[in-house]
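Asker: here is my input; please provide its structure:
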Amino acid sequence: MDTALAQSLHGLWGKMPVFDAALSLIASFFPYIIVTAFAVMFWNVSGGQGGSVFARRTRRLHAALGVAIAIIVAFGVVIPAIRLGYATERPFAAFGWKPLITMSPNAPSFPSGHATLLFLIAAAMWQRDRRKAGWLFAGAALVSFARVYAGVHFPSDIIFGALLGVVSMIAARKALPPLHG
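Answerer: The predicted structure follows:
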């Protein structure tokens with residue numbers, strides 16, 4: 001199924017140049033916009049309302065620590081361990097295509113680091129502001145589709161990366177002791 005979908009999407013390349021260009025830009029640059037938007041939104045909502053300035057600052061730092069732990073675990077432990085034991089080629093390298101975006105053919109494809117990070121931060125926002133989290137999840141899904149369309153990921157790379165991001169954030173949040181007061 002991974003191969004069939006990747007090849008089907010590749011078959012669309014060049015037929016809709018504006019679509020190709022738009023998805024290439026989304027795959028390349030939109031992650032930076034999402035991460036920046038997350039940082040601003042997360043900092044603004046993590047302190048919550050009420051309490052002293054110190055209490056709001058403590059809640060922000062506690063929430064940020066959870067995100068940092070999730071990122072360290074996902075990118076410092078889980079992804080390297082997976083890639084050590086299960087290195088996969090990117091679709092463009094496997095099929096001899098020129099990708100729509102610049103990418104090293106030697107970089108492992110599984111799991112998608114972009115999907116992991118973008119879904120992780122969307123999950124981090126979920127407990128703070130679900131409406132804003134919905135926008136982050138939508139952005140993560142759009143970037144993920146664009147990266148499959150661009151030929152740099154298989155759908156399974158994205159699906160596993162998204163699950164890894166969400167699970168890492170949930171686990172980090174559960175690992176942190178709750179704040180009192």
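Asker: tell me the centre residue of this protein?
Answerer: Nearest residue to the geometric centre of the chain (C-alpha atoms, centre = their mean): Leu118, 2.4 Å.
Asker: what helix or strand is that residue on?
Answerer: Secondary structure here is read from DSSP states H and E; on that basis Leu118 sits in helix 113-126.
Asker: C-terminal to that helix, what's the next element?
Answerer: helix 130-149.
Asker: can you map out the helices along the chain?
Answerer: In the chain, helices defined by DSSP state H lie at 2-10, 17-46, 53-73, 79-85, 91-95, 113-126, 130-149, 155-175, listed in chain order.
Asker: so what touches stretch 164-175?
Answerer: For stretch 164-175, contacts defined as C-beta atoms under 8 Å, 6 or more residues apart in numbering pick out 66-67, 69-71, 73-74, 78-79, 111, 115-124, 127. For glycine as for every other residue, the C-beta is placed from the backbone atoms N, C-alpha and C.
Asker: what is the burial count for Val67?
Answerer: The burial metric for Val67, expressed as a neighbour count using other C-beta atoms under 10 Å, is 22.
Asker: same question but for Pro155, I mixed them up
Answerer: Neighbours of Pro155 using other C-beta under 10 Å come to 19.
Asker: just checking, it touches Val148?
Answerer: Yes. If you go by C-beta atoms under 8 Å, Pro155 and Val148 touch, sitting 5.7 Å apart.
Asker: joint contacts of those two?
Answerer: Overlap of the contact sets of Pro155 and Val148 (by C-beta under 8 Å, 6+ apart) consists of 5-6.
Asker: how about Trp126, what does it touch?
Answerer: So Trp126 contacts Ala133 (C-beta under 8 Å, 6+ apart).
Asker: from Pro99, how far off is it?
Answerer: Applying C-beta to C-beta, to the nearest Å, the value for Trp126 to Pro99 is 32 Å.
Asker: ramachandran coordinates for the residue lying farthest from the centre of the chain?
Answerer: Residue distances from the centre of the chain (C-alpha atoms, centre = their mean) peak at Ser52, which lies 33.6 Å from the mean C-alpha position. Ser52 adopts backbone torsions of phi -80, psi 170, taken as degrees, to the nearest 10.
Asker: number of nearby residues for Leu12?
Answerer: When neighbours are defined as other C-beta under 10 Å, Leu12 has 12 of them.
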